[in-house]
Structures are given as structure tokens and as C-alpha cells.
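Trainee: Need a 3D model of the sequence below.
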Amino acid sequence: MADYRDHYYQSDDGLRLYARDYSCRDATIADPDTVLCMHGLTRNSADFAGLAEHLCQRYRVISVDNRGRGLSAYDSDVSHYTPAVYVQDMFTLLAGLDIDQVILCGTSMGGLMSFVMAAMQPARIRGMIINDIGPEVDQAGLDRIKAYVGKAKPVTNWEEAIAQAREINAIAFPDFSDQEWEDFTRGLYRDEGGVPVLAYDPAIAQPMADEESGAVPADLWPVFEASAAIPMLVLRGATSDILAPECVATMREKHPGLQAVEVPNRGHAPTLNEPVSRAAIDSFLQSLHS
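Mentor: Residues are numbered from 1 along each chain as shown. Below is the predicted model:
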């Protein structure tokens, strides 16, 4: 596995937040580009372990735990569990690391954060890798996510945790091996004295039930259009119930330079470890230097 440095920083409202900082391994690159990886709703920095190991051969990679996830502090004010607050945390992180420009890589909620960041500070964003999300979120997928987030039954051992993760996510990963399910599950849970505990605050589900909270933005097309000049790659799981093909088509109409790749045998969302995903990401990153 790639080595990374644990980076803790303080949010503007005083929470202790966490990110993994992978240094570029290629010593001949004096000033490597930075890729900022932002996870989905219930996930954390472990989601990008494989991709970060791959990319850090030529890039610096920052993989975050948003507030309420992983090693970041939980927020006592659940109204802060919204993309607008997460985005501000990202700008605070970049400022503290003295990173002026960045390439964004966002899965699901992290993709929504990418759109907002690009609209707010477009000159700072060199490119965007958007994983299975768009300015419109399919209601069927949203309802599926609402049905389990913060509602999973506690488990007592890793076998139960793997079975639970498999039951919830089998629709997205129909070809996962037993080892892949174990690796996936160990990224979702933390070990507390031998007992797996989900590595996120169950309260992150509460703002999703409130249409006024901004946890699920109603219309992101204006925000998306504000980033139309920024190079963008969109990856879509072939059976995704979150990102519809029609939405991707409209994204391409509004962003003529957008690259779109469909990942077979994946729902919401591709792991970015798939050969198709890796090839698309590598090609896209290389194009930023051409």
C-alpha cells in the first residue's frame, strides 16, 4: 500500500477533521499536481486507497474524511451535515496545506461538492473527475439510500458486517469476490475491540429528510453550468439508479468538452479500481497536460 501522512486540521467552526496526504513518489516531478478525493455520503477516505496508491506515482493525493465520517469529528449540530458546509471544510483544508490549484475527484456526494467548489472558485480547479452523480439525482436511488442510511442494525462480528454490507450493496457490485466484499466492508466499518462499528455518524441521515436543509440540492444545473469551462470526466455505473443516461446526455450538451465513460457491472457507484475507470482517469489526467 502507498504510504500517506495523517493530516488533522480544524474547521472554521472548530471541529477536528482528518485527511490522508499521499506524497508524489516521483522525485523528478518538482511541483506535482494535487488530486483532492471526496467520498460519498456514508463513506470515508478509505474508499480511495487503491486509486491513491495508483495516482501517487505522479500526483499528490489528498483523500478526506468529511465531518461525521472516519477519523473526523462528529458534529453536534446535524444541520451542518450538508454539502455547503463540507465544501467550506475543503477550502479550509486546501488553505491550510497551501494548495492553490487542485484536481477534484468526487464520488456521489463528493461529486456534488465538486460542482459547488468549481462554481465558487473556478480558477482554482484544474479538472474534475465526477463519479456517478450529476446535477439531477434520480429519486429511485435517493429513496434506496434514505432507506438504509443511519438505520443499519448493529453487528457483533466481521462476518455479520460483511453480510450486511453485501445485502445493502450487492446491486451495485454483482461480480465482487469474497475478498472484495471483505475489503469493501473494512472500509465502511472501524474495529472497536473486535466489534465492527459503522464509521459514520448515523445523524448524517437527518438532513436528508428535510427538503429545506440543502443536503440534497434541488437544482444543480446552474452550478454545473458555471463549471462548463473546466475539463471534466464523468464516470457512470452501467446500472446506476442515481445518475441516469439522460442526465449524462444533458451534461454533455451543456459541457461540450465533457468526457463520459460507462463502467460495466457497476451500479452506484464504481469503486474507481475497475480497469475501465482507471484507464479513463489516467487518460483524462494526461489530457490536462497536453
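Trainee: Disregarding residues adjacent in the polypeptide, which is nearest to the residue minimising distance to the centre of the chain?
Mentor: Central residue of the chain (Cα atoms, centre = their mean): residue 39, 2.2 Å from the mean position. In space, residue 39 comes closest to residue 47 once its chain neighbours are excluded; the distance is 4.8 Å by Cβ to Cβ, 6 or more residues apart in numbering. (Glycine included, C-beta is placed from N, CA and C.)
Trainee: pLDDT below threshold where in the protein?
Mentor: Low-confidence segments of the chain (pLDDT under 70): 1-2, 209-218.
Trainee: that older thread, show the contacting residues for the residue nearest to residue 39.
Mentor: 37, 39, 40, 63, 107, 187, 271 (Cβ atoms under 8 Å, 6 or more residues apart in numbering).
Trainee: Beta-bridge partners for the first one, please?
Mentor: Read that as residue 37. With DSSP bridges as the criterion, residue 37 is bridged to residue 63, residue 105.
Trainee: Touching, residue 125 and residue 231? I think so.
Mentor: No. Residue 125 lies out of contact with residue 231 (Cβ atoms under 8 Å); the separation is 9.2 Å.
Trainee: Between these two, tell me which one has more neighbours.
Mentor: residue 125 (22 against 19; other Cβ atoms under 10 Å).
Trainee: Can you pull the phi/psi pair for the more buried one?
Mentor: Dihedral angles of residue 125 (phi, psi; degrees, to the nearest 10) stand at phi -110, psi 120.
Trainee: about what we covered before: now, the contacts of residue 47 that are in strands?
Mentor: 37, 63, 107 (DSSP state E).
Trainee: Please pick the buried ones from those.
Mentor: 37, 63, 107 (16 or more other Cβ atoms under 10 Å).
Trainee: Look up the closest residue to residue 195, ignoring the ones flanking it.
Mentor: residue 156 (6.2 Å).
Trainee: my bad, residue 124
Mentor: Using Cβ to Cβ, 6+ apart and skipping the chain neighbours, the partner closest in space to residue 124 is residue 101 (5.7 Å).
Trainee: So what's the residue count around that neighbour?
Mentor: Neighbours of residue 101 (other Cβ under 10 Å): 13.
Trainee: Do a quick rundown of the strands in the protein.
Mentor: Using DSSP E, strands in the chain cover 5-10, 16-22, 34-38, 60-65, 102-107, 125-131, 189-192, 195-198, 232-237, 259-263.
Trainee: From residue 222, how far off is residue 116?
Mentor: Separation of residue 116 from residue 222 (Cβ to Cβ, to the nearest Å): 11 Å.
Trainee: and these two? which has more neighbours close in?
Mentor: Higher neighbour count among residue 116 and residue 222: residue 116, with 22 against 10, using other Cβ under 10 Å.
Trainee: for the closest residue to the more buried one other than its chain neighbours, what are its contacts?
Mentor: By the measure of Cβ to Cβ, 6+ apart, the closest residue to residue 116 outside its immediate chain neighbours is residue 87, 4.9 Å from it. The contact partners of residue 87, by Cβ under 8 Å, 6+ apart, come to 113, 116, 117, 120.
Trainee: ok, so what distance separates the last one from residue 258?
Mentor: What that stands for is residue 120. Residue 120 sits 20 Å away from residue 258, going by Cβ to Cβ.
Trainee: Mind putting the ones in strands among the contacts of residue 47 into TSV with distance to residue 78?
Mentor: Conversion of the ones in strands among the contacts of residue 47 to TSV gives the following (distance: Cβ to Cβ, whole Å):
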residue	distance to residue 78
37	25
63	24
107	22
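Trainee: so which of those comes closest to residue 97?
Mentor: Using Cβ to Cβ, residue 63 comes nearest to residue 97 of the ones in strands among the contacts of residue 47, at 12.8 Å.
Trainee: Sort out which one of the ones in strands among the contacts of residue 47 lies nearest residue 243 for me.
Mentor: Looking across these and measuring by Cβ to Cβ, the closest to residue 243 is residue 107, at 11.2 Å.
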